[in-house]
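*Asks:* Could you look at this predicted model? Sequence included:
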Amino acid sequence: MNAPTHTPAPAKLRYVDRDTLFEVERFLIREARMLDEERFREWWQTQLAEDVHYVLPVREIRLRADQKPIGSNPGAFVFNDNYMMLDMRIRRLETGLVWMEDPRNYIRRFISNVDAAWADVDGEVDAWSNFIVYRNRRQRDETVVWGTKQCRLRKVDGEWKLTRRTILVDQRVVLDKNLYFFL
Amino acid sequence: MKDVSKLILEDGAVQNRSIYWDQDIYEQELEHIFARAWLFLAHESQLPNTGDFLTTRMGEDNVIVARQADGSIKAFINSCPHRGNVVCHADSGNAKAFTCAYHGWAFGLGGELVTVPLEHDAYYNAIERPRYAMHPVAKVESYKGLVFGTFDAGAPSLRDYLGDMAWYMDTFLDVPGGIELLGPPMKSILNCNWKVPTENFIADGYHVGWAHAAALKAIESPLSPLVGNQAYDVNTGLQVTTRGGHGFGVIWDAAAAIHPVGEAYAQWLAQRTPIMRERLGDWRAKFYNGHWDASIFPNCSFLYGTNTWKLWQPMGPHHIEVWTWTLVEKDMPDELKQMMVATNMMTFGTAGMLETDDGENMEQCTGSNRGWVTRRGKLFSGMGQVREGHHPELPGIVAKGIVCETSNRGFYRRWAQLMSGKSWDELAREPGNAADKREVA
């Protein structure tokens, strides 16, 4: 459960063709809408591969001379989830007993800067994107989370599935009360 | 100084709501609590080598904690004595010196001033270096690997400060090989007063079945029968408050209870229990298998079993930063340690299934006191007052069952004592409280 990024050296990237890039972009944007609309079970069933690995490492503030990679410490993840753990998180939301979600949160996900390259495994692509997530709740409670994510997608029976996602939030101190939403 | 004598009444059971909101009370807390009490800094395992450092806060004071060449650990305020600039901006790392970005003054691992640019040409060599060392944390001591510091040179020793809480904490600190904290810590913010989460961890077994109903259902834990607070058996655990305002609740045989995958941990506990029984006796072997919610006065909390370790760093009367590590036994196999980390993330991390339930309540419990009239009201933690007292074998004040507010009352009695401005000697001479005289029901 280490090595949070899996980007090859830029010189070796084989960027995908226009059609594939379009599919990847649609995948990420549709997924964002699905989550905005709280269709969590559908997301889990249709977007995720069963070997999915969903990771959000803690970003420690280090001096430039200190080259320890992000996430190299095994104790430092906000998310380090597999398919079963994501299912459990969604089951919690499905109980109807999450008081913090009642009345509901309004969460809006924005995806941009999408790019993709063929991975070193046949039929898989690495996709990069940036995101902004805005959350509003109660009367005046609002927060914004910024970041980037790297995804590994695999085509299964003609549909793209997420097999790995590494999320980097651009905040050492998460400026929200929690990160219990999917990115 | 504000008169605090009316803020905590009825033996700790009644709190004036202003203590969660007023800026002047908060300032008094910084002076009388955070500048005097022992505050958690680090675990020794986070600083294995000479020059290893981390930055933290004591109250709102920025502090550098560093491992010295002689193996000791020192701490000092992270602010240049020349013009006040913050000197070290990294969370942690390894350093030979800390150099201020403003004029280049450099300080050694112990905070001593070692380099002054233009010392000869501009200061004419007339600068008294020792006078400009970084402001030291008066005392830094370790209790079985847990490093604490205090700004008060007159404070009792760390061991005395922890008092009977140390006897209880030995339950998990005296394991063969000791413990370690895995990090770096997750950090997030809550718009709440720092006392609210401390009291939640020290004493609030009452909220578990209600606030965490969704999580307990999803996890399918042995604690799931608590959902909805339908019923409750007082024989399932104890609550304890110790002199010094520390305390905890324990649920018997539940250490692995809210682990999504608890089997491997249960096996580990079963294998270690005979060793712990031999080392610490029957009672603490029993505690070793229990699930604890606990706080060390004033702002450090932990759950033993789920193994989360928390600091509630005050950022004003209505804001805190939540810092979260994972506590593990050093001797655990790596796989089990990783399971403990994963469990902590899933339950009490920044996106934890239970942490999330709590955050909202903490904020609303604080924010309601914005109202001028509301703020003049009182809050009550009188639960179980009639059923607490001395136990023949266990130190502190003990109450049956974890759905109880005994530890809350102990916390607020201590809070009131420190806020009164009494010296450590006066506090040491204070008699026990009324609850001391009661029998356990």
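*Replies:* Structure received.

*Asks:* just checking, what packs against the helix ranked longest in chain B?
*Replies:* Counting by DSSP state H, the longest helix found in chain B is helix B:263-280. Packing contacts for helix B:263-280, counted by 3 or more CB pairs under 8 Å, 6 or more residues apart in numbering or on different chains; DSSP states H and E, involve helix B:164-173, helix B:282-288, helix B:334-348. Heads up, the C-betas are built off the backbone N, CA and C, glycines and all.

*Asks:* Of those, which is nearest chain A?
*Replies:* With CB to the nearest CB as the measure, helix B:334-348 is the member of these nearest chain A (5.4 Å).

*Asks:* Which residue is the nearest non-sequential neighbour of residue B:26?
*Replies:* Taking CB to CB, 6 or more residues apart in numbering or on different chains, and ignoring the residues beside it in sequence, residue B:26 has residue B:317 as its nearest neighbour in space, at 3.9 Å.

*Asks:* Quick check, the residue in the stretch 51-200 of chain B closest to chain A?
*Replies:* Per CB to the nearest CB, the residue of the stretch 51-200 of chain B with the smallest distance to chain A is residue B:182, at 2.7 Å.

*Asks:* buried sites along the helix or strand hosting that residue?
*Replies:* The secondary structure element spanning residue B:182 is strand B:179-190 (assigned by DSSP states H and E). If you call a residue buried by 16 or more other CB atoms under 10 Å in any protein chain shown, then strand B:179-190 has these buried ones: B:179-190.

*Asks:* which of the residues you listed sit farthest apart?
*Replies:* The most widely separated members of these, counting by CB to CB, are B:179 and B:189 (27.4 Å).

*Asks:* The strand holding residue B:182 packs against which elements?
*Replies:* By 3+ CB pairs under 8 Å, 6+ apart, strand B:179-190 packs against strand B:39-43, strand B:320-329, helix B:334-348, helix B:355-367.

*Asks:* Return the distance of the lengthiest helix in chain A from the chain's centre.
*Replies:* As assigned by DSSP H, the longest helix anywhere in chain A is helix A:18-36. Helix A:18-36 has its C-alpha centroid displaced from the chain centroid by 13 Å (CA atoms, centre = their mean, to the nearest Å).

*Asks:* for stretch B:372-391, same thing?
*Replies:* The chain centroid and the centroid of stretch B:372-391 are separated by 22 Å, computed with CA atoms, centre = their mean.

*Asks:* Could you do stretch A:32-43 as well?
*Replies:* 13 Å.

*Asks:* That stretch near chain B at all?
*Replies:* No. Residues of stretch A:32-43 are not located near chain B by CB under 8 Å from any CB of the partner chain, the shortest gap being 12.3 Å.

*Asks:* Pull out the buried positions in that stretch.
*Replies:* For stretch A:32-43, burial by neighbour count (16+ other CB under 10 Å) applies to A:32, A:34-35, A:40, A:43.

*Asks:* Can you tell me the element residue A:183 falls in?
*Replies:* No secondary structure element spans residue A:183, as it lies outside all helices and strands (assigned by DSSP H and E).

*Asks:* Now do the helix or strand that comes right after the longest helix of chain A against helix A:18-36, angle only.
*Replies:* Next along the chain after helix A:18-36, taking DSSP H and E as the criterion, comes helix A:40-47. Between the direction of helix A:40-47 and that of helix A:18-36, the angle (axes from the mean of the first three to the mean of the last three CA atoms, to 10 degrees) works out to 160 degrees.

*Asks:* Keeping just the C-alphas, turn helix A:40-47 into CSV.
*Replies:* Listed next in CSV are the C-alpha coordinates belonging to helix A:40-47 (Å, rounded to 0.1, in the frame of the first residue of the first chain):
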residue,chain,number,x,y,z
PHE,A,40,-23.3,6.3,-4.6
ARG,A,41,-24.4,2.7,-5.1
GLU,A,42,-24.7,3.2,-8.8
TRP,A,43,-21.2,4.6,-8.8
TRP,A,44,-19.9,1.6,-6.9
GLN,A,45,-21.6,-0.8,-9.2
THR,A,46,-20.9,0.8,-12.5
GLN,A,47,-17.7,2.8,-12.3
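
*Asks:* Burial check on residue 18, number of neighbours?
*Replies:* No chain specified, so I'll use chain A. Here the count is done by other CB atoms under 10 Å in any protein chain shown, and residue A:18 has 8 residues near it.

*Asks:* Wait, chain B was what I had in mind.
*Replies:* Residue B:18 has 19 neighbours, counted by other CB under 10 Å.

*Asks:* quick one: the residue nearest to it when sequence neighbours are not counted from residue B:192, how far?
*Replies:* In space, not counting the residues next to it along the chain, residue B:18 is nearest to residue B:375; the distance is 5.2 Å by CB to CB, 6+ apart. Residue B:375 sits 15 Å away from residue B:192, going by CB to CB, to the nearest Å.

*Asks:* So those two - more neighbours on which side?
*Replies:* Looking at residue B:375 and residue B:192 with other CB under 10 Å, you find the greater number of neighbours at residue B:192, namely 27 against 16.

*Asks:* okay, which residue of the chain is out on the far edge from center?
*Replies:* In the absence of a named chain, this looks at chain A. Of all residues in chain A, the one whose C-alpha sits farthest from the chain's mean C-alpha position, using CA atoms, centre = their mean, is residue A:65 at 28.8 Å.

*Asks:* oops, chain B please
*Replies:* For chain B, the largest distance from the centre (CA atoms, centre = their mean) belongs to residue B:121, which lies 48.4 Å off.

*Asks:* so what's residue 143 bridging to?
*Replies:* You didn't pick a chain, so chain A it is. residue A:135 (DSSP bridges).

*Asks:* actually it's chain B I care about, not the one you picked
*Replies:* Beta-bridge partners of residue B:143, as defined by DSSP bridges: residue B:146.

*Asks:* how many other residues sit next to it?
*Replies:* As a burial measure, residue B:143 scores 18 neighbours (other CB under 10 Å).

*Asks:* so the residue in chain A that chain B sits nearest to, which of the three states?
*Replies:* Distance from chain B to each residue of chain A (CB to the nearest CB) is smallest for residue A:75, at 2.7 Å. Three states are possible here, and by DSSP: H, G, I helix; E, B strand; the rest coil the one that applies to residue A:75 is coil.

*Asks:* what residues are up against it?
*Replies:* The neighbourhood of residue A:75, defined by CB atoms under 8 Å, 6 or more residues apart in numbering or on different chains, consists of B:181-184, B:325-326, B:341.

*Asks:* change it to 7 Å
*Replies:* In this structure, residue A:75 makes contact with B:182-183, B:326, B:341, judged by CB atoms under 7 Å, 6 or more residues apart in numbering or on different chains.

*Asks:* same question, residue B:307
*Replies:* Residues counted as contacts of residue B:307 (CB under 7 Å, 6+ apart) are B:326-328, B:340, B:344.

*Asks:* How about residue B:175?
*Replies:* When the contact criterion is CB under 7 Å, 6+ apart, the partners of residue B:175 are B:272, B:276, B:329.

*Asks:* Which strand or helix spans it?
*Replies:* Element membership of residue B:175 [criterion: DSSP H and E] is none; it lies in no helix or strand.

*Asks:* All set, thanks.
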